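Asks: Provided below for reference: sequence and predicted model.
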Amino acid sequence: MRFETPWALALLVAVPLVVVLWRRRTAEVVRVASVLPFRADPGAPEEVSARRRIDVVLVLTVLSIAGLALAAAGPSGPRAPEEVLLLADRSASTEALDDRGVAVGASARERARRLVAEEAPGAVIVERDLDPARLAEALAALRAEGRPGAVVATDGAIPEVPGFVVVGPDRPAGPNAALTNAALDGAEAVVAVTNFGPDALEAGVSDGTTERRVAVAAGGTAEVRFPAPPPGAKARYALRDGGSLARDDALDVVRRGGVARVRVESVRPVPRLERALRAATSGDGAAGTSEVVVRYGGRLRRESVPVLHVAPDGADADAPVSVVARSGPGEAERTAVDASRLAGTGPLATALPRPSTTLAATRGFAGGDPFLVADDLVLGAKAPGLVALAVDPEASPDGASPDPWFAVLVASALDHLAGGPDRLDVATRDPRSESDLPRTLPAEPAPGAVRACVRGRAGSTAGGTASPAAALAALGAACAAAAAWTGRRR
Amino acid sequence: MKPLDASFLRTLAGLELAVRRLRAGGGEGARRADRRGGRVEFADRRPYAPGDDVRSLDWAAHARTGRLWVKEYERREDVDLLVLVDRSASMGTHGKIDLALRLAWALAAVALRADGRARVGFLADGGIDLSGPAHGTPGVAVLGRFLARAQPQGRTRLAASLSRVPPARRGSRAVVLLSDLLSDDDARAPLGALARRGDEVSVIHVVAGADLAPDAPGGALLEDAESGERVVLTPSAARRAARFASELESAWRAFSARHRVHYVPVDAAAPLDAAVVRALRAEGVLA
């Protein structure tokens, strides 16, 4: 055990001093009329000289002085080993290989370890992953742990942050190309190939059955077309000779959306709805086959908020949409707005109109053009392969007080069930920035910078337990309190 | 011994010793006995009850009323007072001896001013040191001088000392013991014997609180004023002493009730004034 302030041990001299003073004090002889009442056994004299009783107050006082003196001396247990935190960037780009075939991330980590070994020999390296996009959180955690800093191993430059010592790889990654996107164009899938390298390249792209060659200029993007996968099917496109990063050379897609027909049913026959369906589908109507069926059977609750509803103004698909706001019975204000300004597509909760804002209707119909069967008060949208209709079975045939909430409900339900437009969704894809490999390495850390990141030099103990000084101080204080309490009881 | 102050003496002026049991055959005097009987002075008559002495029948009343009546008498006797002061070394602490001596003197003065006889005596080391009998007002000064020479020393052996108390020579006697009752032996047996012999026994317990709760730090040595024995003052010892005090008083109160002995605890730190007199009257020592 070592002491930070050994001179404080001189306070231990007080212990024998207290004992001497105590003995002198307690050796005081008080003359009393008779010791008869004080004897344990009135019949037998008490032995007083052969074996004195242990004085609890004296013992507690001595313990408290000794504890406080030792605490003041600042004892410290076995010193904890020095520690350096190494934050390792594990982003996708760190998997890129340099011209030796070594991953730049691994190269940076190895370099960081070497630096720590040189500048803080014997220090234990505590390694954690770092998300470069969340530097602020990493820094906050660092401060919370009381660490003076950390060594960051990464493949690219990161913002200069006090406390972070950035160590990069000793060589940059090689040139890279990637499959960056896939989209549906009619019956074809269009795959984008981007060249992030400094030189033009020619690469092969395959959909598993066919490989097509494509030339891509430096920093440019080229397209390769393949037959689109069937609705609901998955496809995988692969890039050959894609450069130093392998994980962006493949693209998994799935074809979603594009429901051909949606039918809305109510709990009871709604002739208006059926007429609208027939009109919208050229007679195919309600009797036709539908891929998605929305059944409406409950009652909608009317709200007291200002009423908004959408009514396309005329049958022209290009005409602006008029929004009718009703703040009360008989009061209405009609405003013509562009259909694209309407919002609220999505789940019902977000699609419900906010007071004094626009109402989602047209965009909820998966991109179809809104139309109105004016005579029947049916709200709908029509797009290639899609018919969406909304009619409130509770609304009166004369159109009085139409309920806009119903339209929103149906629009949201359609959007959810129909799955949106016919499209290719990319299943897994890293951010484009991960493929654009850095060509500039982080600056070399200043000499001695790593040393400033070392923790555990003073005041710490192995195992992270409470310091002996605090424990001794607490013991001393407790003994002092107990001595005072016991003394008062006498 | 400090002299008795004038106001206290005035307090004593109208008092007399209360004596319940007086022996028959004593000489006539100014003191009226509580017990009725004898043939000294007619006091009252009451209806005859079986067991009454037929010599007490009031035949004249029988002749007048046709019923049997018994005459009652009271007789007036001198008071013979014996005041015994514990003069052991334990009484020398906390002013106990001073209170005891002054109170003894005061009681003797009460008896002497009522034309009685009084003696005082010191008890210590199992012995007894008695003054001569004093009579009348001049005897007050005589007994005062005797008491003034008391020096607390020796051990308290009340039982041994009390066993040496001489019997009353004639008539009834009041015996008053003034002590802290911290005795090595049990004084109750000889006192009970005195009471059975007809003495009117009073025990004035001179209590000093500091005897049982000394002003000493924990761990101090307590030295017995008489034996020199030492005991360490521990919390348990202090608790034992407090318990001892209550048990001692309870035992003496039980004894006094059983033997018709007056027991009066008096605080040694309290002034000797009307409060002490009230306590003595309340316990029947004074009337």
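Replies: Received, thanks. Residues are numbered from 1 along each chain as shown, chains lettered A, B, ... in the order given.

Asks: Counting by contacts, list what the longest helix along chain B packs against.
Replies: Counting residues, the longest helix found in chain B (DSSP state H) is helix B:235-259. Secondary-structure packing of helix B:235-259 (3 or more CB pairs under 8 Å, 6 or more residues apart in numbering or on different chains; DSSP states H and E): helix B:188-196, strand B:200-207, helix B:209-212, strand B:262-267. Every residue, glycine included, has its C-beta placed from N, CA and C.

Asks: quick one: is the very next helix or strand once past the shortest one near chain A?
Replies: Next along the chain after helix B:209-212, taking DSSP states H and E as the criterion, comes strand B:221-224. Yes - Strand B:221-224 lies within reach of chain A by CB under 8 Å from any CB of the partner chain, at B:Leu221, B:Leu222, B:Glu223, B:Asp224.

Asks: do the helix or strand following strand B:221-224 and chain A meet?
Replies: For strand B:221-224, the following helix or strand on the C-terminal side (DSSP H and E) is strand B:230-232. Yes - counting by CB under 8 Å from any CB, chain A is contacted by strand B:230-232 at B:Arg230, B:Val231, B:Val232.

Asks: Just checking, which helix or strand of chain B averages the lowest pLDDT?
Replies: strand B:28-32 (a mean of 41; mean pLDDT, DSSP states H and E).

Asks: For residue 88, give me the pLDDT.
Replies: Since you didn't name a chain, this refers to chain A. Confidence at A:Ala88, expressed as pLDDT, is 91.

Asks: The intended chain is chain B.
Replies: The predicted structure lists B:Ser88 with a pLDDT of 92.

Asks: With the one 4 residues further on instead?
Replies: In the predicted model, B:Gly92 carries a pLDDT score of 90.

Asks: got it, and B:Lys71?
Replies: 84.

Asks: For the residues of strand B:221-224 next to chain A, which two are the farthest from each other?
Replies: Largest separation among these by CB to CB: B:Leu221 and B:Asp224, giving 10.5 Å.

Asks: what about the two, which has more around it?
Replies: Neighbours were counted for B:Leu221 and for B:Asp224 using other CB atoms under 10 Å in any protein chain shown; B:Asp224 has more, 22 against 19.

Asks: Leaving aside the residues adjacent along the chain, what's closest to that one?
Replies: Spatial nearest neighbour of B:Asp224, excluding adjacent residues (CB to CB, 6 or more residues apart in numbering or on different chains): A:Val35 at 4.4 Å.

Asks: Count residues in the vicinity of that neighbour, would you?
Replies: 26.

Asks: So it sits against B:Val231, correct?
Replies: Yes - assessed by CB atoms under 8 Å, A:Val35 is found in contact with B:Val231 at 4.3 Å.

Asks: Point out where chain B drops to low pLDDT.
Replies: Along chain B, the model assigns pLDDT under 70 to residues B:1-9, B:11-43, B:74-78, B:170-172, B:274-275, B:287.

Asks: how close does the residue most central in space within it get to B:Pro235?
Replies: Residue closest to the average C-alpha location in chain B (CA atoms, centre = their mean): B:Val176, at 2.1 Å. Relative to B:Pro235, B:Val176 is positioned 38 Å away (CB to CB, to the nearest Å).

Asks: do the same with B:Trp105
Replies: B:Trp105 is 41 Å from B:Pro235, by CB to CB.

Asks: What residues are bridge-paired with the residue nearest to A:Ala449 when sequence neighbours are not counted?
Replies: For A:Ala449, ignoring the flanking residues on the chain, the nearest one in space by CB to CB, 6+ apart is A:Val165 at 4.6 Å. Going by DSSP bridges, A:Val165 is paired in beta bridges with A:Val151.

Asks: got the contact list for A:Val165?
Replies: For A:Val165, the contact set (CB atoms under 8 Å, 6 or more residues apart in numbering or on different chains) comprises A:Gly149, A:Ala150, A:Val151, A:Val152, A:Pro445, A:Ala449, A:Val450, A:Ala452, A:Cys453.

Asks: Give me the buried subset of those.
Replies: Using 16 or more other CB atoms under 10 Å in any protein chain shown as the burial test, those include A:Gly149, A:Ala150, A:Val151, A:Val152, A:Pro445, A:Ala449, A:Val450, A:Cys453 as buried.

Asks: Turn the residues you listed into CSV, columns for pLDDT.
Replies: Shown next, in CSV, are the buried ones among the contacts of A:Val165 (pLDDT from 0 to 100):
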residue, pLDDT
A:Gly149, 85
A:Ala150, 89
A:Val151, 90
A:Val152, 90
A:Pro445, 85
A:Ala449, 84
A:Val450, 84
A:Cys453, 84
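
Asks: Could you verify my assumption that A:Gly204 touches A:Gly242?
Replies: No - between A:Gly204 and A:Gly242 there is no contact under CB under 8 Å: 9.4 Å.

Asks: Tell me the pLDDT of the closest residue to chain B within the stretch 101-250 of chain A.
Replies: Closest contact between the stretch 101-250 of chain A and chain B, by CB to the nearest CB, is at A:Gly146 (47.5 Å). A:Gly146 is assigned 82 on the pLDDT scale.

Asks: Now it: closest residue in space, sequence neighbours ignored.
Replies: Closest to A:Gly146 by CB to CB, 6+ apart is A:Arg455, at 7.0 Å.

Asks: so what's that neighbour up against?
Replies: Applying CB under 8 Å, 6+ apart, the residues contacting A:Arg455 are A:Glu82, A:Glu83, A:Val84, A:Leu85, A:Gly146, A:Arg147, A:Pro148.
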